Structures are given as structure tokens and as C-alpha cells.
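[1] Task: produce atomic coordinates for the following.
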Amino acid sequence: MRLSRLVIDNIKGIEHLEFQPGALTVLRGANGTGKSSVIEATMSVFSGGSDPGWLRLGAKKGSVVMEITNDDGALAATITKTVAVKRSGEGISTTLEILDPNGVPVPAPQSFIKSLGESWAVDPSSILNIDTSKAEGRKALIAKLLEIIPVRFDRNEMAGALNGLSVTGLDIAAGTDLQGIGKARAYVEEMRRRVGVEQREAENTAATLRRSLPDEAEDGVDWTAKERELEQERLALVEREASEKAEATKIATDNQATLGATFDAEEQQLREEFQKELASIKFRRYQEDERWRQFGLDKHENIRQALKPEFDRIIADQATVRAKAEAQQKAAGVRESIDTFQQRFNEKSREYLSLTSAMERLDALKKSKLEDLPAGMTFEGDQVCIDGVPWHHVNTARRYSAAFEIVGAKPGLMPFLVCDNAEHFDGDNWRDFEDAAKACGFQIIAAKVDAGPLTIEKVA
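    The predicted structure is shown next:
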């Protein structure tokens with residue numbers, strides 16, 4: 001379909017204007033001659049709504065009439081947008097009427113307008129006038145392009161890519177856009193970085209613990225049990241020592257008692273007869289007491305000396321075994337810690353691989369969505385690229401043609417564009433714009449500042 005005739009009455013600064021647009025129609029004239037009024041009047045048909053400023057000053061009623069023809073030139077529809085002051089005198093009312101070739105009203109006129117396409121709502125020159133030499137301009141260009149060609153990822157696509165991962169601050173229930181998938185990837189990447197840190201910490205701790213393991217004989221001996229056996233031997237030897245000492249003490253005590261009784265009897269019997277011998281007897285008694293006391297002491301010392309090698313051996317063995325038992329117990333604790341950190345390392349390794357897979361799935365999903373963008377367009381970081389070349393490095397002619405390809409990605413039934421910002425182009429830029437406009441296959445109305453009154457020029 002094509003716009004074959006446009007009639008504007010009492011809209012904005014236009015009292016009456018009628019022309020037949022070509023493939024490229026240029027509205028030329030000085031500022032204030034009505035170029036923007038023609039553009040806004042044309043846009044009002046597509047955009048819907050109402051604005052009191054649409055009516056020309058002093059007018060009670062205004063209208064925009066569009067005749068739409070098929071590719072063979074036959075009339076397809078007549079669209080009339082009427083704006084009038086309400087009977088109350090306050091505010092305006094608008095009506096949209098679409099008649100088929102037989103003059104029969106088309107039902108659901110807004111749906112018919114929508115079927116004509118959405119490209120009219122975007123001005124390619126608004127893309128071309130963005131300065132992308134700086135980061136702010138590159139961000140603005142990406143935002144503008146994603147507004148024109150919204151890239152969406154539905155809930156199932158995001159759920160499949162994230163595989164159960166929840167991204168804080170991102171609800172994927174209604175799907176998301178490029179910004180959202182970028183946020184999801186950055187979140188997963190940060191999670192993976194943290195997991196990687198925990199993974200390395202666990203691995204390093206386990207390695208440090210392994211190096212701290214004490215040297216121990218690999219003979220399978222339970223040194224703790226061995227220590228208990230030696231302690232039992234020592235205690236048995238203590239009991240033996242006590243028993244033998246008690247026996248020696250008993251011998252000495254018994255002999256002392258026996259001799260004491262004998263000497264007491266002799267003393268009692270011979271006290272009077274052998275008074276002179278009494279001191280000698282007491283002395284002898286003292287000597288015998290002292291001898292047997294010394295006997296006991298000597299016996300004790302002999303026993304101690306006899307058993308000392310055994311005591312020394314056991315005590316030495318106890319020290320050695322105790323050290324080995326302690327080393328064995330410490331090693332068991334260290335090995336348990338190693339197992340714990342090794343398990344943590346294994347868990348974090350699995351988690352790291354899972355997050356890496358999620359990132360790869362997000363990248364693959366994003367790539368699949370961006371493979372079929374128009375004009376060979378791709379997004380590389382904060383750069384928009386055409387055929388792999390950053391936007392501001394693409395030659396002017398290719399950049400202009402790309403802008404038209406992008407805007408016209410979904411032309412609808414009537415490939416039609418309105419370019420109000422084209423008036424900023426001059427010289428070679430205007431020629432590049434004109435060449436791209438003529439080659440894009442769209443019917444275009446563009447405004448350009450020029451000296452003199454408003455003129456309508458069919459370029460193609």
C-alpha cells in the first residue's frame with residue numbers, strides 16, 4: 001500500500017494543503033513556514049489521541065485526509081481524522097473514520113491503522129543525529145535501537161538459561177530485555193567469582209593442612225592402645241614394688257617383735273642377777289634393732305635398684321608411645337579437617353561449573369536473539385556495530401542505509417516513514433540521506449530547512 005494523496009485543513013499552521021506524496025517527498029521552506037505542521041498533522045492520524053493545539057488558530061474544525069492505494073494504484077481506503085471544538089466551546093473532540101473503496105466504514109479503525117505498520121512512529125534521522133563518539137551517545141543509541149526493535153526473552157527462555165538460579169532484583173515471570181539478560185549474566189558472573197574465591201580458599205586450606213600433618217610410621221600400629229598397655233605394665237610394677245617392700249618390712253618387724261620379747265624375758269629374769277650386763281644387753285638390742293632397720297632399708301634400696309631398669313624402660317617407652325599417640329590423634333583431626341575442606345572444594349567446583357554453564361546458556365540465548373537483527377546490526381558491549389564495524393566508524397552512506405533498514409524492520413502493510421529531523425542534514429550528509437531514503441523501499445516524507453515559503457518536492 002501507498003499514501004497517494006494527503007489533504008490538510010486547519011491543522012496547526014496549515015490552512016489548506018493538498019499534495020500527492022512520492023517515494024521521497026521533501027518539505028522545503030524556512031523555519032515557521034509549516035514544515036513541522038505537515039509532519040505533525042500526518043503523525044496525528046497514526047498516533048491517535050487529541051490535542052487542543054492541533055486546530056489552527058481561530059478555526060472551529062480541522063481535518064487530515066489520507067487516500068491509501070494498493071500497489072496497483074487502486075484505492076484501498078480513505079482515512080479521515082477530524083478535530084473540532086466541542087459544542088460547549090470547551091475542549092476539542094476527535095474522530096477517526098476509515099472508508100473502504102465503496103465508501104463503507106471500516107470497523108475498528110485503530111486496528112486498521114495499526115495494521116499499516118509501526119515504522120511511521122520512528123524517525124531514522126533521530127538515530128543518525130546521535131553522537132556516538134562518547135559513551136553517553138553510545139548508550140543513547142542502544143536505548144533508541146532497543147526501543148525501535150525490542151529484544152525480549154520470555155520466561156521459559158530465561159528459566160532454561162538460568163536453570164533454577166534466582167537473580168536478585170530481576171523477576172523473569174514476564175520475561176526480560178537485553179538489559180535484564182545483561183543484569184542476569186553479570187549477577188551469575190559475580191556469583192561465580194565468589195564461588196571461585198571460596199573454591200580456591202578451600203583448596204589452599206586443605207593443602208596447608210596436608211603439609212602440617214606430623215610424621216608418623218606407616219606401620220598400622222594403634223599407638224594410643226600401645227600407650228595404655230605400657231601404663232598397665234607400669235602400674236603392675238608399682239604394685240610389685242609395694243608388695244615386696246611390704247614383705248621386707250614384715251620380716252624386719254616380725255624379727256624385731258620376736259627378739260624384743262626374748263630380750264624382755266631375759267631382762268626380767270636376769271635384771272637383779274645381771275645388773276651389770278643390762279647396759280650391754282640394751283646396747284646389743286640397739287645394735288640388733290639398727291641392723292634389722294638397716295636390713296629393711298638396704299632391702300628396699302636393692303628392690304628399687306633391681307626394678308629401676310624396668311621402670312626406666314617403661315617410662316621411656318611411655319614417652320615415645322605418648323608422642324606417637326598424640327601425633328596419631330592430631331593426624332586424625334587434621335585428616336578430618338582435610339576431608340571437610342576437600343568436600344567443600346568439590347561442592348564449590350560443581351557450583352562453579354554450574355554457574356559457568358548458566359553464563360554460557362545466557363550468552364547463547366542472547367546471541368540467538370541478536371543473530372537476525374536488520375542491517376547486520378550487533379551489540380558488542382556498549383557499541384552498536386554494523387557488519388562488525390562500530391557505528392561511528394561505519395561510512396556515512398552505509399550508516400544512513402542501515403538506519404532505514406533498522407526502522408523499516410517491521411513495515412506492516414504500508415511502508416511509510418516521516419523524517420522531521422532530516423532538516424539538520426546538509427551537503428554530503430543530505431545527499432547520503434536522500435540516497436538511503438530512495439533505496440530503502442519506503443515511502444518517506446522528510447522536512448528540510450530552505451529559503452522561502454513551504455514547497456513540496458517529489459524527489460522520487
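[2] how many other residues sit next to C440?
    C440 has 22 neighbours, counted by other C-beta atoms under 10 Å. Backbone N, C-alpha and C define where each C-beta goes, glycine included.
[3] Could you measure from it over to F433?
    11 Å (C-beta to C-beta, to the nearest Å).
[4] The chain: helices as residue ranges?
    For the chain, the helices defined by DSSP state H occupy 35-47, 109-116, 124-128, 135-148, 155-162, 178-212, 223-270, 275-370, 396-407, 427-439.
[5] Deepest-packed of those, please.
    Ranked by mean neighbour count, the helices of the chain are led by helix 124-128 with a mean of 24 (mean count of other C-beta atoms under 10 Å).
[6] List of residues touching that helix?
    Residues outside helix 124-128 that contact it (C-beta atoms under 8 Å, 6 or more residues apart in numbering) are 141, 144-145, 148, 399-400, 403-404, 406-407, 417, 419-422, 424-425, 433, 436, 446.
[7] Which residue of the chain lies farthest from its centroid?
    E273 (120.3 Å; C-alpha atoms, centre = their mean).
[8] so what pLDDT did that one get?
    Note on E273: pLDDT of 74.
[9] swap in R284?
    The per-residue pLDDT reported for R284 equals 83.
[10] what's the distance between it and C440?
    Distance from R284 to C440, by C-beta to C-beta: 146 Å.
[11] show me where pLDDT drops low in the stretch 201-350 of the chain?
    Applying pLDDT under 70 to the stretch 201-350 of the chain flags the ranges 215-219, 270-271, 274.
[12] oh sorry, the question was meant for the stretch 1-150 of the chain
    48-50, 118-122.
[13] List the residues that contact A173.
    Applying C-beta under 8 Å, 6+ apart to A173 gives the contacts R155.
[14] Distance check, it against T249.
    Distance check for A173 against T249: by C-beta to C-beta, it reads 95 Å.
[15] Just give the nearest non-adjacent residue to L165, would you?
    A358 (5.7 Å; C-beta to C-beta, 6 or more residues apart in numbering).
[16] Correct me if wrong: the one you found contacts A161.
    Yes. A358 is within contact range of A161, at 6.6 Å (criterion: C-beta atoms under 8 Å).
[17] tell me which residues form a beta bridge with L3?
    Applying DSSP bridges to L3 gives these bridge partners: I68.
[18] What's the local residue count around it?
    22.
[19] How about the contacts made by it?
    If you count contacts by C-beta under 8 Å, 6+ apart, then L3 has 21, 66-68, 414, 416, 443 around it.
[20] now, which of the residues you listed lie within strands?
    66-68, 416, 443 (DSSP state E).
[21] who's L96 bridged to?
    Counting by DSSP bridges, the residues bridging with L96 are K81.
[22] Done for today, thanks.
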